[in-house]
Structure formats: structure tokens, C-alpha cells
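>>> One predicted model, sequence on top.
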Amino acid sequence: MRRSSVSVPSNIAEGAGRNTNGEFRQFLGIAVGSLFELETQLILSARFGYSSTSKVEILNDNVDLVRKMIFALQCSLK
């Protein structure tokens, strides 16, 4: 979970440093993929008893909020 969560801002930063909006959008897409990976890991952590369902729901709400922000940023680059 730590690796996928760190991947999100890392890909955003790397994309921002690229030369074109197209490349930036590509890295934003990779960041969204990492968010889906994190969401899956959170669900599995609750299913396997490593975390409570209530904590996972709160975290997934935050993941969803970040995903919406990235989608909005992608749309602004088109």
C-alpha cells in the first residue's frame, strides 16, 4: 500500500516535468492506476482482517476524492 500511495504523487510530479500536456496526461493516467491499485489493497486489507471496514471506507473516500481531482486536472489539459 505504501508503494502504490507514493506512486501517485511521484507520477504526477514526473508528468508535470515533461514537455507536453499529452505526456503529463499519460502520467496522470498512471497515477489513477496506482489509486485503483491502492483501493484494491485497502479492500483486501479489510477482507483479510488487517484493518477495520470503517477505516477502509474513510480511506477509500479519500482515494476517490484524489481520483476526481486528477480527472479534473486531466480534463483541464485537453
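Everything's here; your move.
>>> Glu2 and Arg18: what is the separation?
Small correction: residue 2 is Arg, not Glu. According to C-beta to C-beta, to the nearest Å, Arg2 stands 25 Å off from Arg18. Any C-beta I mention is one placed from the backbone N, CA and C, and that applies to glycine too.
>>> repeat for Phe48
Taking C-beta to C-beta, one finds Phe48 at 38 Å from Arg18.
>>> which of these two has more neighbours?
Each of Phe48 and Arg18 has its neighbours counted (other C-beta atoms under 10 Å); Arg18 has more, 13 against 8.
>>> Surely that one is in contact with Ile30?
No - counting by C-beta atoms under 8 Å, Arg18 sits too far from Ile30 to count as a contact (11.8 Å).
>>> tell me the contacts of the closest residue to Ala16 other than its chain neighbours?
Once flanking residues are discounted, Ala16 sits nearest to Phe24: 6.2 Å by C-beta to C-beta, 6 or more residues apart in numbering. Contacts for Phe24 (C-beta atoms under 8 Å, 6 or more residues apart in numbering) come out as 15-16, 18, 77.
>>> Which single one of the residues you listed is nearest to Ser52?
Of all the contacts of Phe24, Gly15 has the smallest distance to Ser52: 34.2 Å, by C-beta to C-beta.
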